[in-house]
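# got a sequence here, can you model it:
(chains A and B)
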Number of protein chains: 2
Amino acid sequence: MIKERFSPEMQQNLSDDAWMILQEDYRPEETLKYESLFCLSNGYLGTRGAYEEGAKNSLPCTFINGVFDKSETFMRELANMPDWLGIRLYVEKELIGIDTCRILEFTRALDMRHALLAKRYILEDRRGRKTLIEGIRMVSRANVHRLGIRLLVTPLNYSGLIEVENILDGSVINFGDAPRFKVKHTRLLQNSCLDTHGAYLEVTTRDRKLCVGTGSRMEAFSDGQPVMKNHSFHAFGETAVEFQDFEAEQGKTVEVVKYAAIYTERETPDYEIHCKVRDEIRQFMADGFDAELSRHTAVYARMWEDANIEIQGDFELDRAVRFTIFHLMSTGNERDEHVNVGAKLLSGEEYGGHAFWDTELFMLPFFACVFPDTARNLENYRYHLLDAARENARKNGYRGAQYPWESADDGTEQCPDWTIEPDGTCYRCYVAVYEHHVTAAVAYGIYHYVKLTGDEQFLKEKGAEILIETARFWASRCEYHETLHRFEIRQVTGPDEWHEPVDNNLYTNYLAKWNLSYVLNLLKEWETTEPVLYEELKNRLSIGEEERGHWQNVMEHMYLPKGKDNGLLEQFEGYFDLQDVTIEACDENDWPIRPKALETVPRSQTQIIKQADVVMLLHLLGEEFDEETRKKNYAYYEKRTLHGSSLSPSIYSVMGLRVGDETKAYRYLCRAAFIDLTDLQKNTREGIHAANAGGVWQTVVFGFAGVSMEEDGVVDIRPHMPKEWSGLSFRLHYRGAKLSITVTPDNQADVKLLEGSPVTVRVNGKVQVMGGTS
Amino acid sequence: MIKERFSPEMQQNLSDDAWMILQEDYRPEETLKYESLFCLSNGYLGTRGAYEEGAKNSLPCTFINGVFDKSETFMRELANMPDWLGIRLYVEKELIGIDTCRILEFTRALDMRHALLAKRYILEDRRGRKTLIEGIRMVSRANVHRLGIRLLVTPLNYSGLIEVENILDGSVINFGDAPRFKVKHTRLLQNSCLDTHGAYLEVTTRDRKLCVGTGSRMEAFSDGQPVMKNHSFHAFGETAVEFQDFEAEQGKTVEVVKYAAIYTERETPDYEIHCKVRDEIRQFMADGFDAELSRHTAVYARMWEDANIEIQGDFELDRAVRFTIFHLMSTGNERDEHVNVGAKLLSGEEYGGHAFWDTELFMLPFFACVFPDTARNLENYRYHLLDAARENARKNGYRGAQYPWESADDGTEQCPDWTIEPDGTCYRCYVAVYEHHVTAAVAYGIYHYVKLTGDEQFLKEKGAEILIETARFWASRCEYHETLHRFEIRQVTGPDEWHEPVDNNLYTNYLAKWNLSYVLNLLKEWETTEPVLYEELKNRLSIGEEERGHWQNVMEHMYLPKGKDNGLLEQFEGYFDLQDVTIEACDENDWPIRPKALETVPRSQTQIIKQADVVMLLHLLGEEFDEETRKKNYAYYEKRTLHGSSLSPSIYSVMGLRVGDETKAYRYLCRAAFIDLTDLQKNTREGIHAANAGGVWQTVVFGFAGVSMEEDGVVDIRPHMPKEWSGLSFRLHYRGAKLSITVTPDNQADVKLLEGSPVTVRVNGKVQVMGGTS
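A predicted model of the protein is given here:
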C-alpha cells in the first residue's frame, strides 16, 4: 500500500492504492511531467505540482481560470500567477531540499479521492543531519480561495534552530524554459506584509490591468503549541518572504502550516482585494487547517460519489481512468459561467487555457452526465460570447455567429495567425482561417447538452439563439455550385489538420447540414408548440421566410462527397485520389508506426490522416449511416489514422465497439487512459490532455458500457466488456434522474434509479421503466 | 603552461603562469570561493567571479564603491547592484551551461597581469551535442564604466540555431544565502530597451534613492560579419533580457560580445543616467572590444610596473603574493577621494564595504609606496568625513573628532550596535562603544602617509586639522586618576578583541599619547617655521594655550602599564593576572592549535589573545622601545596569539624579522599570502582579506627586504632573505622618487633611482645618495 510509506499521522488523510498516483523517486528530468500530473485544481484555479522548496527544472505555475493576458504574445493566454507554494527550511543556512541534500527516502503521491498532494522525504544535508519531512497540500474545493500546505518536520539525528521562509514568488513568467517565448504577463503592484504577520503580493495583468492578490501566513506547532519566533517580513523585488524560526528537537515533530489565499478583481473590487485576502486567511487560521481539510475532502467525497468509475479486475487501468476523471472534474467550475475548460485544463500553459471544440465534443458529455451544473456553465460561456462570435463572422465576411477556433475570456479569435518555429522562422498559421467546424461543435454541444440534461429552458432562452446564429453562419459559409446544383464548403479544414485546406470536408459539410436541419426542425416544431417563443425569436433575430427557405435549400442540396460506389465515405473531395498509404505495423506500445512512404511523400499528398475525421462524423451522427457503411469506413480509416492528436484514440475506441470491431478498442482505451501517466506523447510536461480525458470517459461509458441516449429518451445499454474486466460500475445523471449502472463480464447491466425523474432504460434490447408510477 | 589549455586566439591575451590563478574543475561547493578569488575590480566597481550562465550556489555581486544603503539592516552596506554578467546560450531550448551539461573540459583562470577572467569549457548536452566555449571578461580600468565579455562559441559536432539571452538581473539581493539576513537594497525604476537594441535597468538605493543605471548590448560575429538576428527585448519583472539568435555551423567559431556600462548619480544627474549608459555603450561598440581591451591591459601594464613584486626561486609564494597585490591594486581608486577600501575590498559583502583601521595600518603603506595618488584619496576620504567624526565625538560625550570604527559614505558609525547570531538571538555589540584606537590609526595614517610621500601640502591643508581634532579627542577621552597622578583610558578595547573592555590598553594609550605628542611637536615647529599656517590653525580650530597645556599634561602623564619588572609590556592593566595559558602546538598548516584550557576557561580570563596587540604597538612605534624589550615581548606574545584575525600573521612576520626571530616569519608570510587562495580561514567566499593583503606587502617589503623609512628621510634597507628565495625585486615610490630594489640571497640589495627626487639609501648600514648632484 502506497500510504504505508507514510507515518501514521499522514496515513489518516490518505487513501487506498486505487486512488493514489505514486512518484517513487526524484529525477530532475521528470520534474515538469510530475508538475502536470500532480496539479491540484478546484475549478477556480490550478496549481501545478511544483516542490515547495524549489527544484531543478521546476517552473511553478498557478493559473486562475478567466485571468488571461496577451501583452506582446500572439494570444490571450492564462497568465502565470505568483507562486504561492514556497516554503524553505534551513538548518544553519543549509537548505533542507531535494536538490541540496542526499535523498535517503522519497515519496510523493497524489491522493485523488481527497485531492491532496502528499510527500515524504528523508534528507541528509552535507553535515550529516537527517530530517524527515512529510506534507500534504490542498487547493480547497470547499472554499476555492483557500490554499494550504501542512508539513511535518522531524529532525532525526540533531536538535537545533530551523529557519523558515514562507515565500510568495511574483517573478514567475510564462514559458519559462523557452528562451524565445518567455513572457511576463503580470506587473507587481504591491509587495507587503499581509497583516501583522504574513506576506502579500498584488499584481495586475499587463494589458487589461486585472488585479490579483495572493497572501500567505505561516505557523508552526509542537505539541499543539505555537513555536515560531523572530518573525520578520522582507520584500525582495517581486518576492515576498515571511521569515520565522523555531527550535527543533531531535525526534520531535513540528507541524508547519502555510495558509494562503487568492482573490482577483473578477470577484471583488480592486481596492478590497488586500482586505479580502487578509480576512480570508484570518478566518482560515481561525478555522484551522484540519477544518478546511475536512470540508475539502467532504466536497470531493460528494463529487466522487457521482464521478467515480470502478473497473474491476484491471487495477492499473481502473486507476488510470480515475486519474483522467480526477483532473477533468477538478477543473470544471460549477459556479462560474464565464469560464470554460482549457485544452490542458488548468495544468499547463500550452494552448493558453483556451477552449476548443474539445469542450463540446470531448468533455461536455462527461460534465452533462456527471456534473450538469458545470455543463450548463460551459454552455452559458458560449452564450455570453455569442456577440463576439457574431463579430467574428462579420469580420470574416459571413453572417450569423462564427465561434473562434480558440476562445479565451472575450470570445475573440485567439488562435495565433503566426507560429514561430524553434529556429525562429515564422510561418502563417491558417487554422483560424480554415478550420470552421468548431462552430458546428458549439451547436452540436447545445443539442447534446439538452438531450442529456433535458434542460429545455437553456435551449429556449439561450441555446436556440446560438443554434440559429450558427445555422445562419453555415448558410452564408456555403457556396452554390451553379453547374452541379449543390452547396459546397470550399477551402476548409476538417478535424484532420494534415490536409489543409480542402474542399468539402465531409465532416464539416455534414455538421453544417445537421445544424441547419436541426434549427429548421426546431423552428417548425416551436411554431406550433411554442408560438410565443417562436414569434419572439423570429422577430428578435429577424428570421424571415426567405432566409428559412434558403437554409432549407442549402440543407437539402449540401454536397456530401461519397467517393466511389463502394460505400466508402470520402473525407473530402479528392481524398481518394491521394496516394493510398496505409499503416502496416504497430510499435511496442501498440501504436501505429509512421509508414516509410511519408519519408518521401508529403503527408498531405497521402491518405494518411492525423486523427478521427470521417470516424468522428460516425461517432457524432452515426444514425445517418447504415451499419455496413459505418463498419466499412471505420475499417478503412483506422488503417490510415496515425493518431497525431490525443483527440483520436478514444473516438476510435468508442466507434470500434459500435461497429463490432473490438480488436483494438481495449488497446485504444489503454493508450488514452495512460497518455499522461506514462507520458506517451512526451508532452505531459505541458499539461494534462483534457479532451483525451473526456474521450476516456466516453469510451468507458458510451463504448464499453455501451450507453447511448436515444432520440426517444430511452437510455440504451449494450455493454461490450473486454475480457480483462470482471466488472464495471458508474453513475449517470440523465434528464434529472441519477442512475447507478453496474456491468458484469457477461455484458449484463444492472441499472438502479438513485433519485430523480422516471427514466426508461433498455439493456441489451430489454426495456425497463425505472421510477415513476410504472 | 596554464594558457596552453586555451585556443591560440585566447592565448594571445593570456599571460605566463606566474600571473595566472587556475581553477581546474567545477565543484558547486567552491562556487562562492571562486567568486571572491576571481573578482574583477577597477576602483570604481567590483564584480565577483560568477558564471555568465548561472551556477549552483552562485550569488552574483557587483558593488560600486560609494553606493551604500541601510534600509532595514543594521548598517549602511554596499548595495548589490544588478548583475550584468548574464549570458545564456541555448540549443533547442537546452541551456549550454555547466550545471545542465556534462563537462568534458573545464578551465577558468584569472590573468592578473591583464586583469581578465578567462574560461574554457567543452560541454555536452543531454542529446550529445558538444560545444566549446571560451571567453574573457574585463572590468575596464581604462574606462571604469565599461564592462565586457567576449565568448568564442564553437559547436563541435553539430550545426544549428543558438539562441542567446543577454541578461541584466536586478533581482539580486545582499546576503542571499543567509535566510535571516537577506536584504534587498535597491528598488527598480526602469526595465527597458537600452537603445534600438539592448537592455537597460535603472535602480535606486532604497533609503537615499541614489540612482544606478546598468545597460548592455550584445553582438555576435562569424568571420567578422554580424550574425545575430531575431532581436527582441523582454522585461521580466526585475530582469531585462535582450534575446537574439544565430546560426552556428559545426567547427566554426562565433564570437559573442557583451558590452555593458554602469553609471550612477554620484557621477551624473539622475535624468541623464540612461543617456550616459546608452552613449557609453554606443562608443564602446564603435571602439570595439579589442580596443578597450588594449587600453585596459595598457593601464594594468603601467600599474604592474610599479606594483609587481618578484620573488625568485619560490614560484607558488611569488604568485600568491602577486595575487594579494592584484586585488589590492585593483580596488584602490586614484580618481575618487570620497571612497575608501573596504575590509573585503569590492570582492564581498562581508563588513558592508566599510573602512576600518585596516586602511591606515595595513593597506595605506602599500598605496603610499606604490600608488600615492590612491593613498592621497584615502587620506582625503577621512578629511571629508572629519565633520562626521566631530559629530560622533560629541554624540559620545567627547571633544574633537572620533572616527567611527566602521565607516561607509557619510562617516557616521556603521559598526552595528546589535549582532544576530545564526540562532536568531541578538546580542549587544560593544565594538563601536569601546574600540577607539581607529581614531589613533587615522592620525597615524596621516603621519605615515606624509612620511612616505612627502605630501606636506596635505598635512598642512587637511591632515593637521584631523591630527588636532583627534588629539583633542584623546585628551577628552583620558581620565585623570587623582591618587596615582596619571591619565588613564578606562573601559576600552584594544586590537585584541577577546578582552573587551579593559582599562588602559597599552596599544591605545601609547597611540593616544603619540597623537598628542605628534601634534604638540608639529604646532611647536610650525609656530616658528610656518607662522601664518600656525595662526590660521590656532584661530580656526580655537586652540588656546590652556588646551595645549592640557594636552602636554595628558601626554606626559599618560599611564603606560609596564607590568612586572621583567621588561614585559602588559597588554592592559591586569593582563598578567589572567590565567597564563600558552600555545603549545601547531597543526599541519603550521597554525597554532587552540589550547585545551580554553575548553573550560573563557578566553577572556586567559592570556590567550586574538591578534597582534602589544606586537602591533612594537610594529608601529618600535623606536619607543629598546631591542631587548622588543625581543622579549615578541617572544612572549607570540606564544599567546591565536591569530583569530587575518590582521595578525603578517604583523608577527614583520616583527619577527625585526627582532631577529626568523623562525616563523616565512611561515607567517605563507599563511598570509595563501589565506584566500587556499581558503585557510574557510571564509574566502565572503571576500578577499584586504588588510591581510596589505600586511603581505608590508611583510615582504618592510620585513624580508627590510625596508624602513627613517625619521631623517633615509631609506634603510636590511634584507632578511629566507633560504627559499633566490631573489626579490620590487619598486617603491618615496617622497617623489621612484626606486627599483633588487635583493639577492646574500641579503645584499641593489637600489636604483628610476625617476624623481634625490634620495638617500642605506643598505646594511652603507649610505648611498641617489640622484641629485651627489
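# ok, and does the helix or strand of chain A with the lowest mean pLDDT reach over to chain B?
When each helix and strand of chain A is scored by mean pLDDT, DSSP states H and E, strand A:418-420 comes last, with a mean of 83. No: in terms of C-beta under 8 Å from any C-beta of the partner chain, no part of strand A:418-420 sits within range of chain B; the closest distance is 8.9 Å. For the C-beta atoms, the positions are set from N, CA and C on the backbone; glycine is no exception.
# pull the distance from the next helix or strand after that strand to the chain's centre.
Remark: after strand A:418-420, the chain's next helix or strand is strand A:426-428, criterion DSSP states H and E. When distances are taken as C-alpha atoms, centre = their mean, to the nearest Å, strand A:426-428 is centred 28 Å away from the chain's centroid.
# against which helices or strands is strand A:426-428 packed?
Under the contact criterion of 3 or more C-beta pairs under 8 Å, 6 or more residues apart in numbering or on different chains; DSSP states H and E, strand A:426-428 touches strand A:418-420.
# sorry, back to before: report the buried residues of the least confident helix or strand of chain A.
For strand A:418-420, the neighbour count (16 or more other C-beta atoms under 10 Å in any protein chain shown) marks A:Ile420 as buried.
# could you do stretch A:312-327 as well?
A:314, A:317-327.
# out of those, which sit inside helices?
Among the buried residues of stretch A:312-327, the members falling in helices (DSSP state H) are A:317-327.
# what's the closest of those residues to chain B?
Proximity to chain B was ranked across these by C-beta to the nearest C-beta; first place goes to A:His327, at 25.8 Å.
# check contacts around that closest one.
A:39, A:41, A:345, A:347, A:688, A:690, A:693 (C-beta atoms under 8 Å, 6 or more residues apart in numbering or on different chains).
# coming back round to it: of the buried residues of stretch A:312-327, which pair is most distant in space?
Greatest spatial distance among the buried residues of stretch A:312-327 (C-beta to C-beta): A:Asp314 and A:His327, at 20.0 Å.
# distance from the chain centre to stretch A:726-746, please.
Distance of stretch A:726-746 from its chain centroid, counting by C-alpha atoms, centre = their mean, is 23 Å.
# also stretch A:119-131?
Taking the mean of its C-alpha atoms, stretch A:119-131 sits 37 Å from the chain's own mean (C-alpha atoms, centre = their mean).
# could you give the average pLDDT over it?
For stretch A:119-131, mean pLDDT rounds to 97.
# quick one: terminal-to-terminal distance for that stretch?
13 Å (C-alpha to C-alpha, to the nearest Å).
# what's that stretch in contact with?
Stretch A:119-131 is contacted from outside by A:5-7, A:10, A:89, A:91-92, A:94, A:96-98, A:100-109, A:132-136, A:153-158, A:160, B:29, using C-beta under 8 Å, 6+ apart.
# which elements pack onto the longest helix seen in chain A?
Using DSSP H to define each element, chain A has its longest helix at helix A:506-529. Packing partners of helix A:506-529 (3+ C-beta pairs under 8 Å, 6+ apart): helix A:437-453, helix A:464-477, helix A:531-540, helix A:545-556, helix A:614-621.
# rewinding a little: direction included, what does the least confident helix or strand of chain A pair against?
Strand A:418-420 has the following sheet partners, assigned by DSSP bridges: strand A:426-428 (antiparallel).
# now, which of the contacts of stretch A:119-131 lie within helices?
Using DSSP H, the members of these that fall in helices are A:Met10.
# which of the contacts of stretch A:119-131 are buried? Put it as a PyMOL command.
Buried residues within the contacts of stretch A:119-131, by 16+ other C-beta under 10 Å, are selected in PyMOL with:
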select buried, chain A and resi 5+6+10+89+91+94+96+97+98+100+101+106+107+108+109+132+133+134+135+136+153+154+155+158
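# gap between the two ends of stretch A:755-764?
Stretch A:755-764 stretches 23 Å from its first residue to its last (C-alpha to C-alpha).
# what lies in contact with that stretch?
A:454, A:710, A:713-719, A:733-739, A:747-749, A:751, A:753, A:767-774.
# for the helix or strand containing A:Asp279, the distance to its chain's centre please.
Assigned by DSSP H and E, A:Asp279 belongs to helix A:273-287. Centre-to-centre, helix A:273-287 and its host chain are 30 Å apart (C-alpha atoms, centre = their mean).
# again, but for stretch A:711-719
27 Å.
# which other residues reach that stretch?
Surrounding stretch A:711-719, the residues in contact under the criterion C-beta under 8 Å, 6+ apart are A:451, A:623, A:704-710, A:728, A:732, A:734-735, A:739, A:741, A:743, A:747-749, A:751, A:759-765, A:767.
# swap in 7 Å and give it another go.
With C-beta atoms under 7 Å, 6 or more residues apart in numbering or on different chains as the test, stretch A:711-719 has contacts from A:704-710, A:734, A:743, A:747, A:749, A:751, A:759-764.
# average pLDDT across that stretch?
Per-residue pLDDT values over stretch A:711-719 give a mean of 94.
# just give me the neighbour total for the residue of the stretch 601-750 of chain A found nearest chain B.
Relative to chain B, the nearest point of the stretch 601-750 of chain A is A:Arg685 (11.9 Å; C-beta to the nearest C-beta). Neighbourhood size, A:Arg685 [other C-beta atoms under 10 Å in any protein chain shown]: 22.
# list phi and psi for it.
phi -50, psi -30 (degrees, to the nearest 10).
# how far away is the nearest residue to it once chain neighbours are set aside from A:Gly353?
Leaving aside its chain neighbours, A:Arg685 sits nearest to A:Leu32 (3.5 Å; criterion: C-beta to C-beta, 6 or more residues apart in numbering or on different chains). Using C-beta to C-beta, to the nearest Å, we find A:Leu32 at a distance of 17 Å from A:Gly353.
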